[in-house]
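In: generate coordinates for the sequence data below:
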Amino acid sequence: MPVRHCMHHDPVVVRGDVPIAVAIHLLRTRKIRHLPVVNADGRLVGIVTDRDLRQVVFDPRIVEAPGDAALTLAALTVREIMTWSVISVRPDTDLRAAARLMRERKIGALPVTDDGVVVGILTETDVLAVIDTLLGARLTTIRPLDAEPAVAAPYDYGFPIPGAEDTHPAEGVVD
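Out: Residues are numbered from 1 along each chain as shown. This is a model prediction of the structure:
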């Protein structure tokens, strides 16, 4: 499955020269955690996350001048706190490859670019939604099993076993 089928199209982006207050406002009002940073041509140059914005409080300029913290924060731009070495994928990238990349690099989102221009964003939430859909399509039943003393309420999620006549696995047995 290519990334284009599960990414967010037309993602919210921000320019690097805007104050961080704009990025904070976008993250809060749009309820997102990742903002691709683009140049004037819409080409990807970085990414800023909610974590980047939280960590700016520990910036030496802020820590060393606590009385002027508000002024210093107001003067900072997205360019000064963004991650420059952003990893991106193309719309035709296989979702498994993108998910593996996210897991291995421990990143929560991948900007999707076409010839360097941001056309979408794939987030961990998007990947989990696909997993939920795929698992839901294979799920036949959800029924409680006999509880073992050490297990509160185990469930049999009823995945069909290829070649088995009974579509429900034996109670408590996982192959």
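In: which residues does the closest residue to residue 49 other than its chain neighbours contact?
Out: Nearest residue to residue 49, sequence neighbours excluded (Cβ to Cβ, 6 or more residues apart in numbering): residue 34, at 5.3 Å. All C-beta spots, glycine's among them, are computed from the backbone N, C-alpha and C. Each residue near residue 34 by Cβ atoms under 8 Å, 6 or more residues apart in numbering is listed here: 47, 48, 49, 50, 108, 109, 121, 123.
In: now go through those and say which are in helices.
Out: residue 50 (DSSP state H).
In: which of the contacts of residue 34 are buried? Put it as a PyMOL command.
Out: What follows is the PyMOL syntax for the buried subset of the contacts of residue 34, where burial is set by 16 or more other Cβ atoms under 10 Å:
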select buried, resi 47+48+49+50+109+121+123
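In: export the contacts of residue 34 to a markdown table and tack on distance to residue 89?
Out: Listed next are the contacts of residue 34 as a markdown table, based on distance: Cβ to Cβ, whole Å:
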| residue | distance to residue 89 |
| --- | --- |
| 47 | 13 |
| 48 | 18 |
| 49 | 17 |
| 50 | 21 |
| 108 | 14 |
| 109 | 11 |
| 121 | 10 |
| 123 | 12 |
